[in-house]
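>>> Next come a sequence and a model predicted from it.
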Amino acid sequence: MYTANGSQDRSQFVSEFAPLVRRMAHHLVAKLPSSVQVDDIIQAGMIGLMDAANRYEQSHGAQFETFATPRIRGAMLDELRSNDWLPRGVRRVQKRIETAMSAIEQRLGRAASETEIAREMKVSLESYHEMLAEARGAQLFYYDELSDEDGGESYADRTLPGPAEDDPLSRLTDKRFRDSLRAAIDRLPEREKNLMGLYYERDLNFREIAAVFGVTESRVCQLHSQAVAR
C-alpha cells in the first residue's frame, strides 16, 4: 500500500506482519526458561518490525519479510541479552546433567538412560525431570539468528567480541566441527533424534511434536533439554 504522495504505508507493514512477530516470539520462548515472558519478547520484536518498516526500500529488491525477519529476531535477542535471560542456577543444573551423562557414557559406551542419569546424580527420576524442565533454555541460538543478512553488524559481533579465531561463526564453518556435530546427532537415542528433526528441520513446535509422540508438551520439553545436554 502507498500513501497519497506515492510512498509506502509503513503502518501497513506493521499490521500485516504482526502475526509473524508473535509466531517468532512463541517459537523462541519455547527454548527459554519459564521466567521469560512471551509478551516481552513480542514487544521487542514489534520494535524490530517498526524499525524494519522505517528502513525498508522496495527498490532494493528484497521482499519485506526477508528484510524484516533478521531485524525482528535481532531485537528479540537483544532484549534477552539485556535482561540476563539465563540465570546462573540454570547453567549449573545443565552442567550437572551433562557431567552425569558423560560419566555414564564413558563407563558403558552407550547413551545413558534417564533412570541411569537420575541414579548417577543421586536424585529421583521425578526430580531429574524437574531439573530438565529447569534447564530449558541452556542452549545456543540458531546460527541464522546470529547473523545480519544485509551485511551489517551481526549479533555475535555486538555481544561476543574477541580474537577472530574465537568467533563462533568462524568455528561453525569448520568442517571438523560440522562433522563432529553430525556424528553426535546420529548417536542420539532414536526418539530424541526424531524430536530434534521435527523441531529444527520441520519447524514443528513442542505442542505439535507432543501430538506426534502421544505425550504431553512438558514431556517434549524435557526430552529436548535432555537431547541438548547430550
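Nice, thanks for sending it over.
>>> now stretch 47-65, how far from the chain's geometric center?
Stretch 47-65 sits 24 Å away from the centroid of its parent chain (C-alpha atoms, centre = their mean, to the nearest Å).
>>> Can you list the buried residues in it?
47, 48, 49, 50, 52, 53, 56, 64 (16 or more other C-beta atoms under 10 Å). (Each C-beta comes from the backbone N, C-alpha and C, glycine too.)
>>> doesn't residue 13 make contact with the third one?
This points to residue 49. Yes: judged on C-beta atoms under 8 Å, residue 49 makes contact with residue 13 at a distance of 7.3 Å.
>>> Identify the contacts common to these two.
Common contacts of residue 49 and residue 13 (C-beta atoms under 8 Å, 6 or more residues apart in numbering): residue 68.
>>> Could you pick out which of the buried residues of stretch 47-65 are located in strands?
Among the buried residues of stretch 47-65, none falls in strands (DSSP state E).
>>> Just put these in CSV and tack on pLDDT and distance to residue 99.
Conversion of the buried residues of stretch 47-65 to CSV gives the following (pLDDT from 0 to 100; distance: C-beta to C-beta, whole Å):
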residue, pLDDT, distance to residue 99
47, 93, 39
48, 93, 37
49, 93, 41
50, 92, 44
52, 89, 43
53, 89, 47
56, 85, 48
64, 86, 47
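>>> out of the residues you listed, which one sits closest to residue 120?
Nearest to residue 120 out of the buried residues of stretch 47-65 is residue 48 (C-beta to C-beta; 42.9 Å).
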